Each structure stands twice: as structure tokens, then as C-alpha cells.
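Asks: Take this sequence and fold it.
(2 chains)
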2 protein chains.
Amino acid sequence: MGQEINGFHHHLNGDAPPLPGGDRPDLLVLRPGLLFKVFEQEFLSKFNVLKAFESPFPLDKYLRDHAQSARAILCEAIVTRITADLLLQLPALQLVVADGTGVNHIDLVECHRRGISVTNTGDVFSEDTADYGVGLLIDVLRRISRADAFVRRGSWPLTAEFPVGRKVRGKRVGIVGLGNIGTKLAKRLEAFGCIVSYNSRTKKQSAAYDFYPTVVDLASQSDILIICCSLTEKTRHIINAEVLNALGKNGILINIGRGPIVDEETLVNYLLNGNIAGAAMDVYENEPRVPSELFRLDNVVLSPHRGAFTQEAFFDAFKIVMGNLDAFFSNTYLLTPVTTNE
Amino acid sequence: MGQEINGFHHHLNGDAPPLPGGDRPDLLVLRPGLLFKVFEQEFLSKFNVLKAFESPFPLDKYLRDHAQSARAILCEAIVTRITADLLLQLPALQLVVADGTGVNHIDLVECHRRGISVTNTGDVFSEDTADYGVGLLIDVLRRISRADAFVRRGSWPLTAEFPVGRKVRGKRVGIVGLGNIGTKLAKRLEAFGCIVSYNSRTKKQSAAYDFYPTVVDLASQSDILIICCSLTEKTRHIINAEVLNALGKNGILINIGRGPIVDEETLVNYLLNGNIAGAAMDVYENEPRVPSELFRLDNVVLSPHRGAFTQEAFFDAFKIVMGNLDAFFSNTYLLTPVTTNE
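Replies: Numbers count the residues shown, from 1 in each chain, chains lettered A, B, ... in the order given. Predicted structure coming up:
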């Protein structure tokens, strides 16, 4: 390892050639996330990237042979899990750099216990996620994705009767989790004349919206429920049959949080049986697997976990990831450390 | 005619049976618009509806035989044109009721000359059109319709690399026509952190956005151009090669106004050749015909003229149409008369 530097690549910081492998610090990457793939050349130019994913050997052998002195790991959020067991195999590890905002894939308590710092990309994706939430809400009410499919298959000249959608204005929107994303989403929805209320661990003194102490209460007073909370053991499957019953036959569920927050099997049954009116989902319980029964439904919008991602936000995230790595290797303050809140 | 009343239907105003044909005023309908189709039973219960579209004879013969005493016509906006020639064939006509906001299909000058009143549905569709404009903007930037198609064809588990879209925040959005719809659109886009400017016949003193005196100037300062103006002889084909050149290779065009405002052939060529970055279109020059070259493009969103329409707005529009007809036949003031502004 350590020699896999491509000959030509774009440098962010001037035209200096990459340092020889021995002078660059090790950076362990178990699997390449989107951020790593997009900015791979930049990572290779500054670090001796240990590409565990290119090794033909089992991970534990690779780590034993190559990563015993690795002090930093860059991890993507969807597949890679930073578990206590993995940490045991990395005795020199001092820094876990997440390539996104969510850190539910990282055992923060164990990292803390071992004195390992964790960083995320801060708030860099929350604007885009909020925008996407609004996009999904307009789409599922106004049927834009279905309209596009209708026109593209040439149906319009044959049947002018593409079904008319529902109005955005005046809809009661319940936000599950009024954090960075939920707050930005609420602000946008106010401009459309939606009536926003929310559920959260605690009532937010700064928020003027109606607070409901449980998700069931919120659902019963909402036309549309939007999941913006993070995934924790407490939020896993909080969207269950009871919540969907409270949302009701005219209700719509939107998930821009994490898939396992929803009991997906129940949601699919409710959609198939018309027990709720529709759904828009950017996340799923077993990504990239999407229940194929949904593919033929006209009242759903299905998106492949792209809510947080834009080209612009990726570049911002990359700068934060690099900033954290630079800070760590120069023994200065991390830009966006994550602390355990338990 | 006059006997085609269905036996059973829902009454808006109580359960009184329809009046016999002879006591109900004539209402001429050349073609059934969406509004007429949805509320047909209600129209039939109050009016002797002259369904020209069901006659096997040519229109002029139908009008000569059945519509000489018709005082009111209900017209849909997309296909039916109320021309001077048509008006000549309707000697008793005193009222033209449009089923939407736009009246570019009605010869207002000739109506005025003949003392014929014209009504539209007022502002009832402008909220929904503005919402749809935002929906199309988010969709074309964030690729939501394409994402939905990607997931539905089962591609996600095969290739995780659905392309990342572009950020909404910070985009310079140029609004062509800052009327009811444009103003509502601008207010929404501000909540997303877009930088709004506009072109209009005259600078609006009430608007805080930058005004550009020409569409070319506006396009040259915009990342996204949204057409919200009405179709007149002055706006026909104002979006031409010069404007698209000013918008540039990274620019996006969105049309929620009327199809003929855009030189569609030129737009299609610019999209096919990558001379602009993308487009979202709810309207087309020759609806329901959509240029089929667009169907294979990944950077366009295609919608079948549904921007203005929601179930809720349709019901509001129906109440205004009925209110205007009631007012006319009771010799009182029309709710939403349209005046010529030339």
C-alpha cells in the first residue's frame, strides 16, 4: 500500500506534487463513500490511503497486516459500521471522520471510552435535506414525478386526464424532530401557507409551532407527517401501525430521516391497502433494497437516498473532512467534533 | 338538447331536483374542459347545457340550429378559441365565462366592441401555480423525477451511483412576469435562500427584487429563468435563442406560463446540444404534443399542464364560475369580470 497515487490529478491547494508515501499520514478507508469517490485524488495526494476495500483478504487480516498504526479512519455512513469489535482491531486509532452529518453507524460511547475523537460534517447538508423534503412534499401532493412519467411514455395525447393533485396551502404538516433540518423545513413550509406543528424530545422554547408530546398525537393532527429526526434506539420503528392509524386514510408520510425509523413492512401494507393516502421516501430500512410492491403505486415518490446531497454540499463537506484531518494531524482543534449525548 | 340530465347526481346546494329544461337558461359549451367534466352534474342541474361537442354536425351548423339564443358560453382555456368569427355566429351572446385565469384564447377587444362581458376565475389558481413552479425548480435541480424513475426500474441495487443534483440555496432565479403568480413564487423562493430578480412590463414599486428591463438582461444574470407571464402577442416567443444564449450552458429554463412564450424548436435544440443545462416545462407550444426528443433527456422535467390545478382550486374555481353565471342571469354584478388592458 502507499504507492497507489495516480499520475495526474487536480489539486485543490496549488500544484505541488503529492508527497512520497512515507511522509504522508495513513488514512484508513474500509469502503469508499460517495465523498471519497468524488474527491479520491485529493485524498490520495495528502494521505497514504489504506484501501481496505481493494484487498482480496478478509477485513480482519487486512487490518492486522496494514492498519495497526493507522491513527485516522474516514467512514461513509450507509454501510460501514464503526463497532466496538472493529475498534479493538485498530489499536492506534485516535480519529473517526464521518463523511456526513449522521453518526448512528458509529459506536460513540465506545469511541469516547477509548479516547477516540469523532467528527462529522456539521450542518453542511441540512439546507439541502430541508429543500428535498419540500420537493418530496410538493411532488407527492401535486404528482410531479408521476406527471413526468406520464408525459415521457407518450400518454398525454392519448388521454388528457392525468389526475389532478392536492393543494399545498393550508395543509397541516407535522414535523417529527425539530432539529437543524426540521427547523429549516418548517421555515420553508410557512412560505407556502402550511400549518406546521412538531414532535421532539422536548418542547423548543424558540419555536412558535404547536408542540405535541407524542408522535401519535402529532399524526392525529396532521395531513402530512415528515420524519426529520435522527435514528437512535429510541426512534427505531417509532412510525408504526398506531401512528399510521392516527395519520389516517387521507394522510401522507414523508421520510427524509433514516429508513429504520419507520416500520417499513407495516407502511407498505398500509399503502397497498389504502390505509394512508401516500408516501414519499428518500430512505429505506434495507438500502439499497426498496420494497418492489411500491413500484406500481401512483401515490408514492421513491428516491435513492439523495436528500442530503448536492454537488455544492459535497464540496463543502469535503472541505470540512479535510479540515478535520488537517487539524488532527497538526495537533490543533477539530472543526466539527461530535460528542456523545447519553 | 336540453334533456340530457342524468337521473342521479350530487347536488351542491341541497337536494332540489333539476328544473325542467325549458326553465333553465342556456349555457353553451363548445368543448368540455376539466372543470366542466368534474362538475358536469352541477352544471346540468342549473343550466340547459348546449353540448356542441356531442353534435355530429359541423360547429357552424350546430350553432345556427341550436345556439342562436344562447346568452352565455363556458369556455375552457386550452383548445377553444373565442374569435371574432365565432362571436359573429352567436348573435345573442352577452357573457363569456372562462374556466381559468388566462384569457389569451378570447378576443377581448372584439368582445368589448360587441358589449360582451368576459369573466375568468380570478386569482384562484395562482397559489397552486406558484407551488408547482417551486416543485419543478427543486425537481430539475435535485433530479427527483429522475430519482423516482431510477428506483422504480430497480436500478438502485445494481448501481448506487445515481447522479447528485445541484443546490437550491444561493441560485439566482429570474422571474419573467412579476404578477400574481410571479410574486407568490418569489416569496416562496426567498425562504429557500434564492436570489430573486425579475423582468416585467414596468418596474414594480412594491417589489424589493432587482428589476431588469429586458428578458435578455435578466437571463444573463440568472442561473434559472422561470416564465410566469401571460401569453400575448408581445410575449409570444420572447424566450428565443438570444435569451437562451444569455442564460448560458449552466442555465435552467422553467415554464409555468404558456407554451408559445417559448420558441420551443430552439429550446429543444439547445437542450439536445447542451447549450443550456436543463428545463422543466408544464406547458408546450402545441399541447398535448410534447417534442419526443425530450423524453430521453435526464435534465428535463415534463408535466402535462397541471401547474394550476388541484382538487381544492378546482372547487374554488367552480364556485366562481357558478357565481358569475348566477350573477349574470340574476342581472347583478359579475364576481370576476375581465377588462381589456389595451
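
Asks: Check which helices and strands the helix or strand of chain A with the lowest mean pLDDT sits against.
Replies: None of the helices or strands of chain A scores lower by mean pLDDT, DSSP states H and E than helix A:34-38, at a mean of 90. Secondary-structure packing of helix A:34-38 (3 or more Cβ pairs under 8 Å, 6 or more residues apart in numbering or on different chains; DSSP states H and E): helix A:311-329. All C-beta atoms are positioned from the backbone trio N, CA, C, and that covers glycine.

Asks: right, is the helix it packs on up against chain B?
Replies: Yes. Contact of helix A:311-329 with chain B (Cβ under 8 Å from any Cβ of the partner chain) involves A:311, A:312, A:313, A:314.

Asks: in the least confident helix or strand of chain A, what's buried?
Replies: Under the neighbour-count criterion of 16 or more other Cβ atoms under 10 Å in any protein chain shown, helix A:34-38 has A:34, A:35, A:36, A:38 buried.

Asks: same deal with stretch A:88-100?
Replies: Within stretch A:88-100, the residues that count as buried by 16+ other Cβ under 10 Å are A:90, A:93, A:95, A:96, A:97, A:98, A:99, A:100.

Asks: can you give me how far the helix or strand hosting residue A:280 is from the chain middle?
Replies: Using DSSP states H and E, residue A:280 falls within strand A:278-281. The chain centre lies 17 Å from the centre of strand A:278-281; the measure is Cα atoms, centre = their mean, to the nearest Å.

Asks: One more: stretch A:242-259?
Replies: Stretch A:242-259 sits 19 Å away from the centroid of its parent chain (Cα atoms, centre = their mean).

Asks: Ok, stretch A:288-299 next?
Replies: Averaging C-alpha positions (Cα atoms, centre = their mean) puts stretch A:288-299 20 Å from its chain's average.

Asks: Contacts (any at all) between chain B and that stretch?
Replies: Yes. For stretch A:288-299, a contact with chain B is found by Cβ under 8 Å from any Cβ, at A:288, A:289, A:290, A:292, A:295.

Asks: Now render those residues as TSV, adding pLDDT and secondary structure.
Replies: Formatted as TSV, the residues of stretch A:288-299 next to chain B follow (pLDDT from 0 to 100; DSSP: H, G, I helix; E, B strand; the rest coil):
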residue	pLDDT	secondary structure
A:288	93	coil
A:289	96	strand
A:290	97	coil
A:292	96	helix
A:295	98	helix
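
Asks: Who wins on neighbours among those residues?
Replies: Of all the residues of stretch A:288-299 next to chain B, residue A:290 has the most neighbours under the rule other Cβ atoms under 10 Å in any protein chain shown, reaching 23 neighbours.

Asks: these two touch, right, it and residue B:151?
Replies: Yes. Contact criterion Cβ atoms under 8 Å: residue A:290 and residue B:151 qualify, at 5.5 Å.

Asks: list the residues that contact both of these two?
Replies: A:302, A:304 (Cβ atoms under 8 Å, 6 or more residues apart in numbering or on different chains).

Asks: mind checking the SS state of the closest residue to residue A:26 other than its chain neighbours?
Replies: What sits nearest to residue A:26 in space, not counting adjacent residues and going by Cβ to Cβ, 6 or more residues apart in numbering or on different chains, is residue A:70, at 4.5 Å. Going by DSSP: H, G, I helix; E, B strand; the rest coil, the secondary structure assigned to residue A:70 is coil.

Asks: isn't residue A:70 right next to residue A:92, touching?
Replies: Yes. Under the criterion of Cβ under 8 Å, residue A:70 makes contact with residue A:92 at 6.0 Å.
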